[in-house]
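[1] Give me coordinates for this.
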Amino acid sequence: MSAVRTLIDLLAGRRDAATLAPRDWDGVIGVARAEAMLATLAHRVEGAALPPPVAALFADQRAAAAVAQRQALWEAEMARRALVPEGIAFVLLKGTAYAAAGLSCSTGRQIGDLDILVGRHDIGRAENALLRAGWEWVKEDAYDDAYYREHMHELPPLIHKARDRMIDVHHTILPRTHRTTPDALALLSDAVPAGEGFTMLCPTDMAVHCAAHMLADGDLQGGLRNLWDFHCLTREFAAADPLFWGKLDGRADLHGLRGAVHRAARLARDVYGTVLPSGWDRHDASDDWFRRRLLARDDWGRGTDLALQQAFYIRSHWLRMPPALLARHLWTKWRKR
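    Reported below is the predicted structural model:
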């Protein structure tokens, strides 16, 4: 069995970690590291009989993940101190939201940038407030700055000059040039309280955003982790609300993302064993290509099937931009290189 499939089976609970031979761990650890899931795996196999070097590595990973989550929540607090006095409300997104709410997918999850959502009408004031509070621009290139402001769903990324932590300030969840236009006002108005006094997307919107980030605005790089988020989110929300899947269907329609959400659900079923309700549990032959892309790693954690990776990269840009804009953007980036 390949290392990537062994990793998936360990995460899904279909394989006992104690049955792996010491040599098997090299590949599993390499793939888990490449997919930014090493600490997640460390938590999933905690308590199992492991080779001493693996047990030591996983203990370090669990400790490091706990520190990283505290840092992420502190960074969210710093954003709150910069924005709330200016009357700017914001919603936590992605990993920091999961951590603030104590959701199961946050266990061991690596958190990079702080992602927040503010109203489009507040985007300029939020930018100025963060700049005054010590954040500064990452991208100094005039073309990149203009591209973000005219076409993207977020400000150009900012980094704090003292803490060296990045923040992405979104005003919606897909690029403005994308073929799909989610209802940004509904995302904000229906947000719910999270832990630590923060606000996050409502459960259905959180699952929609996860699917959109993975399938409508990306090339599936890091897809196994994003799919794990979707699997954990839907399982947890459905356990708390028997009507969740029906609500998710309606919410996906509202945002124009029904196809992405249903595909994410099918992939989560096929990869991690997500239990789907009637109406969701069907088969689509095109899912084969997405599964191949998700599993395209060798036993060293290196990407394989480079032609397929390139095809998904092109697909991600095709979804984000109309043809004329895409051609101009690629031409400009090529000339700059």
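[2] Okay, strands next: where are they in the stretch 51-200 of the chain?
    For the stretch 51-200 of the chain, applying DSSP state E, counting those that start in this stretch gives strands covering 91-93, 114-117, 135-137, 158-160, 166-170, 192-193, 199-200.
[3] of all the ones you listed, which lies closest to residue 82?
    strand 135-137 (8.0 Å; Cβ to Cβ). Where you see a C-beta, it was placed from the backbone N, CA and C, and this is true even at glycine.
[4] And the helices in the stretch 151-300 of the chain?
    Taking DSSP state H, counting those that start in this stretch as the test, the helices found in the stretch 151-300 of the chain are 184-189, 203-211, 223-240, 244-254, 258-272, 287-294.
[5] can you list the weak-confidence ranges in this structure?
    Applying pLDDT under 70 to the chain flags the ranges 139, 326, 329-334, 336-337.
[6] winner for burial among the helices of the stretch 151-300 of the chain?
    Mean neighbour count (mean count of other Cβ atoms under 10 Å) peaks for helix 203-211 among the helices of the stretch 151-300 of the chain, with a mean of 27.
[7] That helix to helix 244-254, inter-axis angle?
    60 degrees (axes from the mean of the first three to the mean of the last three Cα atoms, to 10 degrees).
[8] quick revisit: what about the strands of the stretch 51-200 of the chain, which gets the closest to residue 102?
    strand 199-200 (11.1 Å).
[9] So residue 2 is in contact with residue 299, correct?
    Yes: using Cβ atoms under 8 Å, residue 2 is in contact with residue 299, at 6.4 Å.
[10] overlap in contacts of these two?
    residue 27 (Cβ atoms under 8 Å, 6 or more residues apart in numbering).
[11] Now do the buried residues in stretch 141-153.
    Of the residues in stretch 141-153, 144, 147, 148, 152, 153 count as buried by neighbour count, 16 or more other Cβ atoms under 10 Å.
[12] can you give me the offset of that stretch from its chain's centre?
    22 Å (Cα atoms, centre = their mean, to the nearest Å).
[13] residues in contact with the nearest residue to residue 96 once chain neighbours are set aside?
    Distances taken as Cβ to Cβ, 6 or more residues apart in numbering place residue 72 nearest to residue 96, at 4.9 Å, with adjacent residues excluded. Listed by Cβ under 8 Å, 6+ apart, the contact partners of residue 72 are 95, 96, 99, 111, 114.
[14] From residue 174, how far off is the fourth one?
    Using Cβ to Cβ, to the nearest Å, one obtains 21 Å as the distance from residue 111 to residue 174.
[15] And the third one, by the same measure?
    Distance from residue 99 to residue 174, counting by Cβ to Cβ: 23 Å.
[16] among the helices of the stretch 151-300 of the chain, which is nearest residue 14?
    helix 258-272 (9.2 Å).
[17] Give me the residues contacting the closest one.
    Contacts for helix 258-272 (Cβ under 8 Å, 6+ apart): 8, 11-12, 207-208, 210-212, 214-216, 224, 227-228, 230-231, 234, 248-249, 252, 274-276, 280-284, 287, 290-291, 294.
[18] Taking their axis directions, it and helix 287-294 sit at what angle?
    60 degrees.
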